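Q: Sequence and predicted structure below; questions after.
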Amino acid sequence: SLAKAYSVSNQTFLKNKNLKGVCDVVFDVFAPPGKLGLMIFGNAIKSQRPTVKKISSNSSLVKVGLCVGDKVLAIDDKVIEGTENVPNQLNRKSNQNVRKITFGRCLEKPCAFRNDTIKKEDFKECIDIYLPAGQLGVGIVSTGYNVSIGHVNEGSMCLGIMKEFDTILAVDDIKWDDINVLDYLRGKKHEGIRKIPIGRYD
């Protein structure tokens, strides 16, 4: 069975389910057996998704980036409507070896999720970083062979999310070698969401 919970980006769900206006980012959480330690409120209105209202400090999901306000979109790939009793469904599945819960989030601050679809090559892990509008506050270094993070400024929205030497693999699904990354990001700083997949060595 699964030893600990982890989360993975799932923007395909966002596109396929036409969730524009409902959330900006979708991610799957894979949880081990046991109680999740979440308080989830449903809603009698079908269009309003069940929402995480509280996360216990000893919840197995504390370290996967789950936040209060995240919306439950599906459980084990079954799409949830607003009138369904999500806590009961999750309790019934508490003894499963693995539970897959799909969450949606309206982006107000940067967040990062593991990406298992990118070939890792020399990287220890690959991560999708999602950023709201605003200055990144990072230094970007281009060598001609790759583009990486040179430094992260104090006070940057990316502090704790991006690290020095992170390699930028793409921006908004456009490969780094097809664009000038710095100019592209400057032009996108007023947009509501930017996606930057990165490769990390340690």
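A: Yep, that arrived.
Q: give me the low-pLDDT residue ranges for this protein?
A: 1, 43-47, 82-83, 178 (pLDDT under 70).
Q: nearest spatial neighbour of the residue nearest the centre of it, skipping sequence neighbours?
A: What sits nearest the mean C-alpha location of the chain, by CA atoms, centre = their mean, is residue 113, with 4.1 Å. Among residues not flanking residue 113 along the chain, residue 9 sits closest, at 4.1 Å (CB to CB, 6 or more residues apart in numbering). In this view, the C-beta of every residue, glycine as well, is placed from N, C-alpha and C.
Q: Enumerate every residue touching the one you found.
A: 25, 26, 27, 113, 114, 115, 128 (CB atoms under 8 Å, 6 or more residues apart in numbering).
Q: can you count the residues close to residue 146?
A: Residues contacting residue 146 under the criterion other CB atoms under 10 Å number 13.
Q: Could you find the closest non-adjacent residue to it?
A: Per CB to CB, 6+ apart, closest to residue 146 is residue 167, 5.4 Å.
Q: What residues does that neighbour make contact with?
A: Residue 167 sits next to 123, 146, 147, 148, 198, 199, 200, 201 when contact means CB under 8 Å, 6+ apart.
Q: Now, of those, which are buried?
A: The neighbour-count test (16 or more other CB atoms under 10 Å) marks 123, 147, 148, 198, 199, 200 as buried among the contacts of residue 167.
Q: ok, residue 182 - contacts?
A: Contacts of residue 182 by CB under 8 Å, 6+ apart are 140, 142.
Q: and residue 135, how far is that from residue 185?
A: 9 Å (CB to CB, to the nearest Å).
Q: hang on, the earlier thing: switch the contacts of residue 167 over to CSV; also include distance to residue 42.
A: Shown next, in CSV, are the contacts of residue 167 (distance: CB to CB, whole Å):
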residue, distance to residue 42
123, 40
146, 46
147, 44
148, 44
198, 36
199, 39
200, 37
201, 43
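Q: Which of the residues you listed fall in strands?
A: Among these, DSSP state E puts 147, 148, 198, 199, 200 in strands.
Q: what pairs with the third one across the strands?
A: On DSSP bridges, the residues paired with residue 198 through beta bridges are residue 127, residue 168.
Q: And the first one, by the same measure?
A: Using DSSP bridges, the bridge partners assigned to residue 147 are residue 142, residue 168.
Q: what residues are up against it?
A: Residue 147 sits next to 140, 141, 167, 168, 176, 181 when contact means CB under 8 Å, 6+ apart.
Q: Stretch 13-21: how far from the chain's middle?
A: 15 Å (CA atoms, centre = their mean, to the nearest Å).
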